[in-house]
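Peer 1: My questions are about this predicted structure, shown below with the sequence.
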Amino acid sequence: MSSLPPLSAALRAPTILVFDSGLGGLSVFRELTRVRPDAHFIYAADDAGFPYGPRDEQDLIGRVTAVMDALIARLAPDAVVIACNTASTLVLPVLRARYAIPFVGTVPAIKPACEGSLTKQVSVLATPGTVKRDYTQALIRDFAGNCHVTLVGATRLAPLSEAAMAGAPVADEDFAAEIAPAFVREGRDRTDTVVLACTHYPLVLDRLEKVAPWPVRWVDPAAAIARRLSSLIGPVAFAASPMPLRLFSTGRPLDAALVERIVGRRSRRGELVPLDVVAM
Ligand code: DGL
């Protein structure tokens, strides 16, 4: 006869660690916290290591592994969401081999983008690291079908997004120059779908839409990642009061007011969710 898990374990809210190089992963974090208000969420930004985009692959594997070792030892999460394409497309196999807990990654949403494209011209807007990965090439090989996929490794878009979110003035021309190569016209067809393959970009989507040469469908994977995590941790449990959202960073403490603006701080019942900010 199989035995049931102990009651305390069954009732305990799962602790989910959500990780990115900076603020970008908050685009995934806000969706996760909305879908699973019963879980205990911790957001960790490796801001001392930001940006990941230009880093050499061996250096990035070493950096993410070292930060993850420290976070997992301290926080003992039940699952980890790597809310960063630049890290996920490289480091996921290393992390899965190193720890027994499940890891959910964030990788370019090439399959849904290509399935939904009418002109069969799709662009992947990412960091320079993500566009170079074998993993990204494999996604195109396996899922692009008859779509033509243009890879755009935007060198400044993640740092510009961080600056804009922190309230610094970023000119429309700067955003326009970063996204321009994603807008391709070939004969009568032009790009109709752009994959947001860096978690920073959905957070400045209003700016990107404003400077886009023509309207496109922007594909953000956050909702799919939230569904994946949710199926992994099982059905929603009753939560007596909203769990605090804990925010970790490796450099400067995260700006709680900014996180609150991005993520929202109301539980489903309208209560304020406490924010707890920690610098490592
Ligand atoms: N937010 C990260 C991503 O999804 C990368 C930003 C960076 O550190 O360059 O790729």
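Peer 2: Here it is on my side, so go on.
Peer 1: show me where pLDDT drops low in the stretch 1-150 of the chain?
Peer 2: Within the stretch 1-150 of the chain, the ranges that satisfy pLDDT under 70 run 1-11.
Peer 1: Kindly report the residues of it close to the ligand.
Peer 2: Contacts of the stretch 1-150 of the chain with the ligand, taken as Cβ under 6 Å from any ligand atom, map to 20-22, 24, 50-53, 84-86, 127, 130. Glycine gets a C-beta too; all of them are placed from N, C-alpha and C.
Peer 1: from those residues, which ones fall inside helices?
Peer 2: Judged by DSSP state H, these include 85-86, 130 as members of helices.
Peer 1: For the stretch 151-280 of the chain, list the residues in contact with the ligand, please.
Peer 2: For the stretch 151-280 of the chain, the contact set with the ligand under Cβ under 6 Å from any ligand atom comprises 158, 198-200.
Peer 1: The residue most central in space within the chain - nearest residue in space that isn't next to it in sequence?
Peer 2: Residue closest to the average C-alpha location in the chain (Cα atoms, centre = their mean): residue 83, at 3.1 Å. Leaving aside its sequence neighbours, residue 83 sits nearest to residue 25 (Cβ to Cβ, 6 or more residues apart in numbering; 3.1 Å).
Peer 1: burial of the one you found, as a residue count?
Peer 2: Residue 25 has 27 neighbouring residues, counting by other Cβ atoms under 10 Å.
Peer 1: so who does it touch?
Peer 2: 18-19, 43, 45, 81, 83-84, 106, 199 (Cβ atoms under 8 Å, 6 or more residues apart in numbering).
Peer 1: So it versus residue 272, what's the distance?
Peer 2: Going from residue 25 to residue 272 by Cβ to Cβ, to the nearest Å gives 22 Å.
Peer 1: partners of residue 245 in the sheet?
Peer 2: The bridge-partner assignment for residue 245, based on DSSP bridges, gives residue 275.
Peer 1: What separation do you get for it and residue 30?
Peer 2: 10 Å.
Peer 1: Give the residue from the two that has the larger number of neighbours.
Peer 2: Between residue 245 and residue 30, counting by other Cβ under 10 Å, residue 245 is the more crowded of the two (22 against 19).
Peer 1: isn't that one right up against residue 275?
Peer 2: Yes. Counting by Cβ atoms under 8 Å, residue 275 is a contact partner of residue 245 at 5.4 Å.
Peer 1: Need the overlap of contacts for the two.
Peer 2: With Cβ under 8 Å, 6+ apart, residue 245 and residue 275 have common neighbours 259, 265.
Peer 1: Counting neighbours, what do you get for residue 169?
Peer 2: Residue 169: 7 surrounding residues under other Cβ under 10 Å.
Peer 1: How is it assigned, secondary-structure-wise?
Peer 2: Judged by DSSP: H, G, I helix; E, B strand; the rest coil, the three-state class of residue 169 is coil.
Peer 1: Perfect, that will be all.
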